[in-house]
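> using only what follows, build the 3D model:
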Amino acid sequence: MRRVLLINVWEVKTVKATQRHAAAAVGFLGLSLMGAPAFAQQQQPAQRGGPPGPETPYILVTTCQSADRKLGVEAADELRRRIQSEHSAKELYAVPKAGINGTLEASGYRPDSALNASDLMELSKQLHGEYVIDCKATKGSGNAVKMDSRILLRTGQSTLAQPLPAVDGRDAGDAAKLTEKAITDALKSIKPYKDCIASLRANKFDEAEKNARLGLAAYSNSSLSRICLLQAQTSLKASPDSIIGNANAILAIDPTSQLALVNIVDAYKAKGDKDKATEANLRIWRLDPTNQSIAQSIVADLANSGAPDKALQILDTLLKENPQDPPMIRQKWLLQLRAGQYKNAMSTGEELIKLDTSAANLDFYNRQVAAAQSDSNTAKIQEWSAKGAAKFPTDASFPLLLAQSYRKTGQLQQALVAARRATQIEPKNGTAWLFAVVTANDLNMPDSAVAFAQQAIAAGADKNALGQALLAVVGPAVKKATDSKDRGDWEAALKVANTVDAAVPTEATKFYVGLASFQVGLDALQNAQKLGEVKGKDAKESKVKACAETKVSEDSWANAQIAIPRGAAFNKEGAGQIMGVIQQYSEYIPKMKTAYCGK
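This is a model prediction of the structure:
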């Protein structure tokens, strides 16, 4: 769409005639022997200056559009007479009413028919009208009449339009007087406009710009000159602001100019102003919502510019005409995903694969699962993951997604089954093994967790990657314990760290084993001291407990002293602090054992 409009900027698409209009056009063409010069010579011209010359431009004025047919005829007659009185026939010749009526009647039209633009241009072709007035007359209060008019002229197979200012007259004659003045003013720009077009066609863009500006100097509201100037500016690569300024001036005269809007869109894109480009694109669509080619082009632009919600409005309009069009439904689905309308997207996706089973590919299921995840819809995550797993049994991603979802909902046994299925499909998948190891550990199956990690390494899973991934399990447990300072949390962290270290020992796992062991031992040491200070009748029982806690501290710190040096490469500073504390306080443990345990 854009390329055609930019190349043929001086051409406005001709409105296609309906079947009735096409028939009328045939009628007009059938009168080709009745040339305009013939009727001009057969009757006395109503204009001064004698008959028109060979180069005289003809102007055609027919019945104006109006709710009151009589007013439409009267307004046109007044305007035609006004043109005849203000212009010499050698300067501008108004096609006589008799010739107009005769041609209309011969074509099956009533003489007082108000024609649409396409029929007007066919009529003008037979009557040699270079300029055509397309007018509308509206009755006001009393005798007042409002006239809206535009000048139409043909270029090749296209029709150009120059809107004229609306006028309010005391009566039809006064409205015609004001309209004629507007026509005369507008026609002053036609020659420089034609010169501009000729320069464009010769690729003389500087000259075209000069001629366009001459046309604007002759008539500041010349939309034709501004359109030609717009093409010259585009060819000369003028600044976006210059193009936007001129295009907006065109729209002020002709709000329906798609050409101006297209150039505004491109200019705002060049400036990086996506919001303004989107606004202009929507104006283009509103001019003709039923034009699918334009609408689909705008949908693509809006989607790429980050305005999928606006694109969806247009797409919904198109789908009213084609509600079961798979490509459009797929586009709607993708736009809904991009717009974050995840519930709607999942529903549209279901509709899509009902109409087109080939659309149910791997990408489709992945997107549906992602939409369910973004919507925090656990049931749909599991539903689409299960469907994907059934459709693509050799793809490990769907069992993995199921394992993840089951874990989040506390369905650990189902999560373990799904994770093991993923490891069977893809034995080297470290993530799948990680889920299996962690889930087994959560199910209090430490032996299975260690076995899974060993199987993963034996299957060729990356040991380092698995070790790094397993740290993601240890980390949260350590953080929880660090934040809570609760011994129970440190014991849980130690259990996780030992499990991971047994499967894939690394400097990090050693450090975490040592850290957790140290914290458990420190808590036990402090607790033993408190229990040992209890007096009275509970002293004996407290001493037994203090003895047990002292042994826990001794064993825990012994494990820490084994693990920490190996983990120092992971956290040198932390390892140093732990070893310092152990060295400082471990000398008290033998004394406490003697005091509390009797040996």
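
> so which bits of the helix ranked longest in the chain are buried?
Ranked by residue count under DSSP state H, the longest helix found in the chain is helix 539-567. In terms of neighbour count (16 or more other Cβ atoms under 10 Å), helix 539-567 has its buried residues at 542-543, 545-554, 556-557, 559-561, 563-564, 566-567. (Glycine included, C-beta is placed from N, CA and C.)

> can you check stretch 471-483 too?
In stretch 471-483, counting by 16+ other Cβ under 10 Å, buried: 471, 473, 474, 477, 478, 481.

> surely the second one meets residue 434?
Read that as residue 473. Yes: between residue 473 and residue 434 there is a contact at 7.4 Å, judged by Cβ atoms under 8 Å.

> list the buried residues in stretch 411-425.
411-412, 414-423, 425.

> then stretch 278-294 to PDB, C-alphas only?
Provided in PDB are the C-alpha atoms of stretch 278-294 (Å, rounded to 0.1, in the frame of the first residue of the first chain):
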ATOM      1  CA  THR A 278      -0.200   4.700  15.900                       C
ATOM      2  CA  GLU A 279      -2.700   7.500  16.100                       C
ATOM      3  CA  ALA A 280      -2.200   8.300  12.400                       C
ATOM      4  CA  ASN A 281      -2.500   4.600  11.500                       C
ATOM      5  CA  LEU A 282      -5.900   4.400  13.300                       C
ATOM      6  CA  ARG A 283      -7.100   7.500  11.400                       C
ATOM      7  CA  ILE A 284      -6.300   5.700   8.100                       C
ATOM      8  CA  TRP A 285      -8.300   2.600   9.100                       C
ATOM      9  CA  ARG A 286     -11.300   4.600  10.200                       C
ATOM     10  CA  LEU A 287     -11.500   6.200   6.800                       C
ATOM     11  CA  ASP A 288     -12.300   2.800   5.300                       C
ATOM     12  CA  PRO A 289     -12.700   0.000   7.900                       C
ATOM     13  CA  THR A 290     -13.900  -2.500   5.300                       C
ATOM     14  CA  ASN A 291     -10.700  -2.400   3.200                       C
ATOM     15  CA  GLN A 292      -9.000  -5.600   4.300                       C
ATOM     16  CA  SER A 293      -5.700  -5.000   2.500                       C
ATOM     17  CA  ILE A 294      -5.300  -1.600   4.200                       C
END
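
> which residues sit against it?
Residues from elsewhere that reach stretch 278-294 (Cβ atoms under 8 Å, 6 or more residues apart in numbering): 1, 256, 258, 261-262, 264-265, 268, 295, 298, 301-302, 305, 307, 310, 314, 317-318, 321.

> shared neighbours of residue 473 and residue 434, anything?
Counting by Cβ under 8 Å, 6+ apart, nothing touches both residue 473 and residue 434.

> tell me which of the contacts of stretch 278-294 fall in helices.
258, 261-262, 264-265, 268, 295, 298, 301-302, 310, 314, 317-318, 321.

> just among those, which is most surrounded?
residue 264 (28 neighbours; other Cβ atoms under 10 Å).

> leaving out chain neighbours, which residue sits closest to residue 460?
residue 428 (4.8 Å; Cβ to Cβ, 6 or more residues apart in numbering).

> what's the most distant pair in the ones in helices among the contacts of stretch 278-294?
Greatest spacing in the ones in helices among the contacts of stretch 278-294, by Cβ to Cβ: 268 and 321 (29.3 Å).

> closest one of the buried residues of stretch 471-483 to residue 366?
Nearest member of these to residue 366, counting by Cβ to Cβ, is residue 473, at 25.4 Å.

> three-state assignment of that closest one?
helix (DSSP: H, G, I helix; E, B strand; the rest coil).

> do the same with the one 4 residues further on
With three-state DSSP as the basis, residue 477 sits in helix.

> what residues does whichever strand or helix holds residue 132 touch?
Element membership for residue 132 (DSSP states H and E) is strand 131-139. With Cβ under 8 Å, 6+ apart as the test, strand 131-139 has contacts from 57-62, 64-68, 71-72, 74-76, 79, 117, 120-121, 123-124, 145-153, 161, 172, 175, 179, 183, 187.

> what mean pLDDT does it get?
The average pLDDT within strand 131-139 is 96.

> so where's this protein uncertain?
Residue ranges of the chain with pLDDT under 70: 1-46, 446, 469, 599.

> how does it divide up, domain by domain?
Split into domains by automatic domain parsing, the chain comes to 10-187, 474-597.

> now find how far off-centre the longest strand anywhere in the chain is within its chain.
If you go by DSSP state E, the chain has its longest strand at strand 145-155. Strand 145-155 has its C-alpha centroid displaced from the chain centroid by 38 Å (Cα atoms, centre = their mean, to the nearest Å).

> list the helices and strands that strand packs on?
helix 69-86, helix 117-126, strand 131-139, strand 158-163, strand 167-169, helix 172-187 (3 or more Cβ pairs under 8 Å, 6 or more residues apart in numbering; DSSP states H and E).

> how many degrees apart are that strand and helix 172-187 in direction?
30 degrees (axes from the mean of the first three to the mean of the last three Cα atoms, to 10 degrees).

> show me what counts as buried in stretch 184-192.
Quick answer for stretch 184-192 (16+ other Cβ under 10 Å): 185, 186, 187, 189, 190, 192.
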